[in-house]
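J.: Let's see this in three dimensions:
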Amino acid sequence: NKYSASNHLVGQVNEFRDMVKTLHQNGLEVILDVVYNHTAEGNELGPTLSFKGIDNESYYRLEEDQKRYYTDYTGTGNTLNSRMSPVLRFIMDSLRYWISEMHVDGFRFDLASTLARGLHDVDRLGAFFDIIHQDPVISQVKLIAEPWDVGEGGYQVGKFPAGWAEWNGKYRDTMRKFWKGDDGMIGDFAQRFMGSPDLYMKDYRRPTASINFITAHDGFTLNDLVSYNEKHNEANGDNNTDGEQDNDSWNCGCEGETTDADILRLRNKQKRNLFLTLLLSQGVPMISAGDEFGRSQKGNNNAYCQDNEISWIDWTNIDKDLLEFCKKVIALRLKHPSLRRRNWIVGDQIDSDGLLDVVWLAANGEFMDETQWQNEQQKCLGIFLHGEGIQGMDEQGQGISDD
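T.: Below you'll find the predicted structure:
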């Protein structure tokens, strides 16, 4: 059993339970990344490895006019048919097992839009959501969607139902564009920085519905985001045709590794700009492992197939200054509840002097006016959050306030 450090037959199960228990004892929750949208067969030319050999027509989405072909909403060659009762039952049984037996605290659903599709379109009132919300076990844990797939109409950021959090792809795109200097980003920056109320407030979700991120396991690392204008996936064997084409990256003046002191200084500043923005934003910050100390994949933005130095984390090659900066920023967020509010900041007046819970300031220190919000060349924005404007109670039922 090569996946078990103990080499025992049930080693993985016992080790996983021990891991979860230890993490819980240290105040850490465990969110399991689950992939219920496809299996390993690939397309119709692939091998028979999983449900294909049991009941192909029930378990997979097939083209209506030519059922020998799979409908591919996932980019893998096939799509599990979550409209069918056996598939839904399989998914629910699996989720309950991980909660009841392995004690995980929630799930991140890969390509969740695929699971929510009805006949073709994503259905917010469909069977997948219904069954999860009615289940007394699954409905009580954290549910996080990757709210897109590769099919038509699959991009569903901001459209999942109450009870779900989402990877906020609009946050990622906005912050990347803002910090590389794109015009006209101030208004969108403010929305994303405040937890994306335009996406989540209307459905009575909280700022915690927004899982904010700059990078993830797919795409560039933070270091590569500020070091490469183009992806460099030649090692993947697909002539650099794989991986995301539009990365909103900026190499700061030179493609890839360099010894130029000015470029390196700018890259270091950009990494800090992006990380600081992520940790100061309302919502839930998600950090990709290694970004906090400058991990690089040498410009490869699709390194899932690389089990080597390209994808490994090199613990001997750490940017200690960046790591120390990131630790201090995380400590700052933990210290100040103003930076992680549970309720929306809406510009309410909170004292008799007319002071608001949030104030937006222009570069000259004056309040932002409509002309400045609409100015596409506006690149500087100040934000004042009043610590007395926090709505909510702490674990002891006391009102929360901040500096």
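J.: Residue ranges in the stretch 301-403 of the chain under the pLDDT threshold?
T.: Low-confidence segments of the stretch 301-403 of the chain, defined by pLDDT under 70: 349-353.
J.: where along it do the strands fall?
T.: 358-361, 382-385 (DSSP state E, counting those that start in this stretch).
J.: May I see the buried residues of the first one?
T.: Using 16 or more other CB atoms under 10 Å as the burial criterion, the residues of strand 358-361 that qualify are 358, 360. Using the backbone N, CA and C atoms, a C-beta is placed for each residue, glycine as well.
J.: Please save the CA atoms from it in PDB.
T.: The C-alpha atoms that make up strand 358-361 are tabulated as PDB, following Å, rounded to 0.1, in the frame of the first residue of the first chain:
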ATOM      1  CA  VAL A 358     -16.600  53.000   6.100                       C
ATOM      2  CA  VAL A 359     -15.200  56.100   4.400                       C
ATOM      3  CA  TRP A 360     -13.500  56.100   0.900                       C
ATOM      4  CA  LEU A 361     -10.700  58.600   0.400                       C
END
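J.: tell me what it is packed against?
T.: Packing partners of strand 358-361 (3 or more CB pairs under 8 Å, 6 or more residues apart in numbering; DSSP states H and E): strand 382-385.
J.: secondary structure class for residue 132?
T.: helix (DSSP: H, G, I helix; E, B strand; the rest coil).
J.: and the spatially closest residue to residue 270 that is not a sequence neighbour, what is it in contact with?
T.: Leaving aside its sequence neighbours, residue 270 sits nearest to residue 226 (CB to CB, 6 or more residues apart in numbering; 4.3 Å). Taking CB atoms under 8 Å, 6 or more residues apart in numbering, we find residue 226 in contact with 249-252, 266-267, 270-271, 274.
J.: what about 6 Å?
T.: Residues in contact with residue 226, defined by CB atoms under 6 Å, 6 or more residues apart in numbering, are 252, 267, 270-271.
J.: Per-residue pLDDT of it, please?
T.: Per-residue pLDDT puts residue 226 at 99.
J.: what do you get for the one 10 residues further on?
T.: In this model, residue 236 is scored at 97, pLDDT.
J.: Surely it touches residue 298?
T.: No - with contact defined as CB atoms under 6 Å, residue 236 does not count as touching residue 298 (11.9 Å).
J.: where do the strands sit along the stretch 51-200 of the chain?
T.: Counting by DSSP E, counting those that start in this stretch, the strands of the stretch 51-200 of the chain are 106-109, 142-145, 164-167.
J.: And residue 357, how close does it get to residue 385?
T.: Going from residue 357 to residue 385 by CB to CB, to the nearest Å gives 7 Å.
J.: scratch that, residue 148 is what I was asking about
T.: Applying CB to CB to residue 148 and residue 385 gives a distance of 31 Å.
J.: Likewise for residue 279?
T.: 14 Å.
J.: Pick the most deeply packed of the strands of the stretch 51-200 of the chain.
T.: strand 164-167 (a mean of 23; mean count of other CB atoms under 10 Å).
J.: Output the strands of the stretch 51-200 of the chain as CSV; include the columns mean pLDDT and distance to residue 328.
T.: Converted to CSV, the strands of the stretch 51-200 of the chain look like this (pLDDT from 0 to 100; distance: least, CB to CB, whole Å):
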stretch, mean pLDDT, distance to residue 328
strand 106-109, 99, 28
strand 142-145, 98, 27
strand 164-167, 98, 26
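J.: so which of the ones you listed gets nearest residue 72?
T.: Residue 72 sits nearest to strand 106-109 of all the strands of the stretch 51-200 of the chain, at 18.2 Å, using CB to CB.
J.: which residues are in contact with the closest one?
T.: 31-34, 141-142, 144-145.
J.: give me the number of residues near residue 171?
T.: For residue 171, the neighbour count with other CB atoms under 10 Å is 30.
J.: can you start the count at 4 instead of 1 from here on
T.: Got it, first residue is 4 now, which makes that one residue 174.
J.: In space, what's closest to residue 206 - neighbours in sequence excluded?
T.: Residue 206 sits nearest to residue 165 (CB to CB, 6+ apart), 5.8 Å away.
J.: ignore the last one, residue 55
T.: Counting by CB to CB, 6+ apart, the residue nearest residue 55 is residue 44, at 5.1 Å.
J.: ok, the one you found - contacts?
T.: Residue 44 neighbours (CB under 6 Å, 6+ apart): 52, 55, 81.
J.: In a markdown table, list those along with distance to residue 374 and pLDDT.
T.: Listed next are those as a markdown table, based on distance: CB to CB, whole Å; pLDDT from 0 to 100:
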| residue | distance to residue 374 | pLDDT |
| --- | --- | --- |
| 52 | 61 | 88 |
| 55 | 61 | 92 |
| 81 | 53 | 97 |
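J.: Filter those down to the buried ones and express that as a PyMOL selection.
T.: For the buried members of the contacts of residue 44, the matching PyMOL selection, counting by 16+ other CB under 10 Å, is:
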select buried, resi 55+81
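J.: nearest to residue 130, of the contacts of residue 44?
T.: residue 81 (20.0 Å).
J.: how far away is that closest one from residue 318?
T.: 37 Å.
J.: Same check on residue 36?
T.: In terms of CB to CB, residue 36 sits 22 Å off from residue 318.
J.: Fine by me, we can end here.
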